[in-house]
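Colleague: the sequence isn't on hand, but the structure is:
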């Protein structure tokens, strides 16, 4: 039975696609496409990249993806670098790991809606608190004592008297 690399290369050549066309369509770098077709998996740092690239490549070529993936698992099991999956821990190690884990679980379509609603509610609450503060506050509380300043220049320290009312006519 041919290897995964041979199946990919044969299918690509049968469809008259170049490595550059595959790289352009799948957004996989050309050197990675060549490494996949050569079965040179040591180029990749983790199996997740190999599995993702093979899945995309096989889907593009309309190959049997589950069969390709199971054959890939067998081939990776025979390599020294990828024979065992990396150890996973159940608990995050730092606070940042915990936060990133929680953010990865968020459905962002619903998350943006919830965030928008939260922003609107916080804004309404802030406006309510500010209005309530200014309604109960005494607007003259910060003023000092008043000082009379006449509109006409009058000498002395006597306040000007209003004009006397006119005497009634008899």
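Modeller: Thanks, I have the structure now. On a predicted model such as this, the values are computed, not experimentally measured, just so you know.
Colleague: my guess is residue 60 contacts residue 28. True?
Modeller: No. Counting by C-beta atoms under 8 Å, residue 60 stays clear of residue 28, with 9.5 Å between them. To be clear about C-beta, it is placed using only N, CA and C from the backbone, and glycine gets the same treatment.
Colleague: out of the two, which sits in the busier spot?
Modeller: residue 28 (21 against 18; other C-beta atoms under 10 Å).
Colleague: contacts only, for that one.
Modeller: Residue 28 makes contacts with 22, 36, 53, 56-57, as judged by C-beta atoms under 8 Å, 6 or more residues apart in numbering.
Colleague: list the buried residues of stretch 17-28.
Modeller: Across stretch 17-28, burial judged by 16 or more other C-beta atoms under 10 Å covers 19, 22-23, 26, 28.
Colleague: domain map for the protein?
Modeller: Following the assignment in automatic domain parsing, the chain carries domains at 4-77, 95-136.
Colleague: helices of this protein, start to end?
Modeller: Ranges of helices within the chain are 4-14, 19-26, 30-38, 47-60, 65-77, 95-104, 108-136, based on DSSP state H.
Colleague: chain center to the longest one, what's the gap?
Modeller: A distance of 21 Å separates the C-alpha centroid of helix 108-136 from that of its chain, computed with C-alpha atoms, centre = their mean, to the nearest Å.
Colleague: report the angle between it and helix 95-104.
Modeller: 110 degrees (axes from the mean of the first three to the mean of the last three C-alpha atoms, to 10 degrees).
Colleague: and helix 108-136, what does it pack onto?
Modeller: The contact analysis (3 or more C-beta pairs under 8 Å, 6 or more residues apart in numbering; DSSP states H and E) places helix 108-136 against no helix or strand.
Colleague: now swap in the first one and tell me
Modeller: Using 3+ C-beta pairs under 8 Å, 6+ apart as the contact criterion, the secondary-structure elements in contact with helix 4-14 are helix 30-38, helix 47-60, helix 65-77.
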